[in-house]
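*Asks:* Any chance you could fold what I've pasted below:
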Amino acid sequence: MQIYLPIAEITVDPFVIVFLGAAVGFLSGMFGVGGGFLMTPLLIFYGVPPAVAVGTEASQIVASSVSGVLAHFRRKTVDLQMGGFLVAGGAVGAVIGIMIFRYFRAIGQIESFISIAYVVFLGAIGLLMLMESLRALLRDPKAKRTRRKHRSAEWMAAMPFAMRFRRSGLYISPIPPIILGFLVGVLAAIMGVGGGFVMVPAMLYILNMPTKVVIGTSLFQIIFVTAIATVLHAAANQTVDILLALLLLTGGVIGAQIGARAGRRLKGEQLRALLALIVLAVCARLFFDLALPPTALFVVEPAL
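*Replies:* Numbering: from 1, shown residues only. The predicted model follows:
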């Protein structure tokens with residue numbers, strides 16, 4: 001059975017697309033992270049044009065993040081004040097990212113640009129995750145761990161317009177959250193990722209936010225930033241394939257439920273090490289594709 005994707009302009013097997021969505025959903029449920037950083041490369045490997053893979057995956061992230069943030073709203077673990085500043089910066093970043101995306105698409109280099117961005121991004125994140133998880137696995141279990149105190153960094157409190165974020169228990173300037181949101185917005189537009197893979201560690205270790213409000217606040221900003229990126233991709237680039245997004249979402253919902261159950265059987269350090277290896281494997285495949293020379297440097301076709 002084959003179906004035609006009107007925006008991607010290719011014919012695909014819907015069961016393969018659903019399976020890809022389920023596989024990434026399984027990993028998302030197991031590791032507790034968004035799957036955009038894996039789904040976009042997998043779609044490219046399958047033959048979906050990179051521009052369409054980026055735009056469509058952004059739309060899927062919006063749908064999957066809504067259900068997650070609702071649960072955090074019920075637990076009161078969303079800092080709306082902090083989320084507002086992150087969204088403000090992310091909206092500007094998404095606009096800039098779309099402009100960069102359009103420029104490289106106009107000069108015919110968008111495929112290489114997306115692949116290079118993923119190689120750099122996944123390589124750096126994968127190596128950092130692997131090093132951190134290996135240190136945790138090799139650490140003496142009897143050694144005492146010092147708990148990190150959630151304090152506002154003095155330099156952020158000394159910046160202009162410092163204010164109190166009551167839900168997070170912080171007194172900092174909104175400028176660092178705006179800059180962080182801006183960077184994640186650029187990533188969302190260019191790479192089709194929600195940015196939680198970068199946002200969560202940054203909120204923990206740079207903004208010093210309490211762990212209990214980090215995930216909910218990150219999901220909150222992801223919804224709005226990726227929604228803006230999706231609308232801009234659809235309007236400016238016409239690269240959002242709704243049919244493809246629905247197939248991915250169908251598989252992702254099923255896979256996430258199974259992955260969440262499987263993740264309970266492994267320790268946190270083991271999960272992070274396994275995820276790091278998967279990320280590095282995808283990075284290696286993208287790098288290999290970039291390094292290989294094209295099969296045909298020129299294509300000769302009859303003039304119409």
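*Asks:* name the helices or strands packed onto the host helix or strand of Met129?
*Replies:* Element membership for Met129 (DSSP states H and E) is helix 110-138. Contacting helix 110-138 under the criterion 3 or more Cβ pairs under 8 Å, 6 or more residues apart in numbering; DSSP states H and E are the following elements: helix 36-46, helix 50-75, helix 80-106, helix 175-191, helix 268-291. Yep, even glycine has a C-beta here, placed from its N, CA and C like the rest.
*Asks:* so what does the shortest one touch, helix or strand wise?
*Replies:* Packed against helix 36-46 by the contact rule (3+ Cβ pairs under 8 Å, 6+ apart) you find helix 14-31, helix 50-75, helix 110-138, helix 175-191, helix 268-291.
*Asks:* got the angle for the last one vs helix 36-46?
*Replies:* Helix 268-291 and helix 36-46 are oriented at 40 degrees to each other (axes from the mean of the first three to the mean of the last three Cα atoms, to 10 degrees).
*Asks:* How about the first one?
*Replies:* Computed by the same axes, to 10 degrees, the angle separating helix 14-31 from helix 36-46 equals 150 degrees.
*Asks:* go on, the shortest one?
*Replies:* Angle between the axes of helix 175-191 and helix 36-46 is 10 degrees (criterion: the same axes, to 10 degrees).
*Asks:* Can you list the buried residues in helix 175-191?
*Replies:* Neighbour-count burial for helix 175-191, with 16 or more other Cβ atoms under 10 Å as criterion, is recorded at 176-178, 180-191.
*Asks:* again, but for stretch 244-257
*Replies:* 244-256.
*Asks:* Please convert the residues you listed to CSV, extending it with secondary structure, distance to Ala273 and pLDDT.
*Replies:* Converted to CSV, these look like this (DSSP: H, G, I helix; E, B strand; the rest coil; distance: Cβ to Cβ, whole Å; pLDDT from 0 to 100):
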residue, secondary structure, distance to Ala273, pLDDT
Leu244, helix, 32, 86
Ala245, helix, 31, 83
Leu246, helix, 34, 85
Leu247, helix, 31, 86
Leu248, helix, 27, 83
Leu249, helix, 29, 80
Thr250, helix, 30, 80
Gly251, helix, 26, 79
Gly252, helix, 24, 74
Val253, helix, 27, 71
Ile254, helix, 26, 75
Gly255, helix, 21, 72
Ala256, helix, 21, 66
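*Asks:* Closest one of those to Ile172?
*Replies:* When the buried residues of stretch 244-257 are compared for distance to Ile172, the smallest value, 33.4 Å, is given by Ala256; criterion: Cβ to Cβ.
*Asks:* leaving aside the residues next to it on the chain, what's closest to His233?
*Replies:* If you skip the residues right next to it in sequence, His233 has Gly55 as its closest partner in space, 3.6 Å away by Cβ to Cβ, 6 or more residues apart in numbering.
*Asks:* before we move on, back to that, could you say which of the helices and strands packed on helix 36-46 is packed most deeply?
*Replies:* Looking across the helices and strands packed on helix 36-46 with neighbours counted as mean count of other Cβ atoms under 10 Å, the highest average goes to helix 175-191: a mean of 24.
*Asks:* quick one: contacts of the helix or strand just after that one?
*Replies:* Once helix 175-191 ends, the next helix or strand along the chain (criterion: DSSP H and E) is helix 196-205. Residues from elsewhere that reach helix 196-205 (Cβ atoms under 8 Å, 6 or more residues apart in numbering): 33-34, 37, 86, 125, 180, 183-184, 187, 209, 211, 214-215, 217-219, 221-222.
*Asks:* For His233, find the nearest of the helices and strands packed on helix 110-138.
*Replies:* The closest of these to His233 is helix 50-75. By Cβ to Cβ, the value is 3.6 Å.
*Asks:* Quick one: mean pLDDT over that closest one.
*Replies:* Summarised as a single mean, pLDDT over helix 50-75 is 72.
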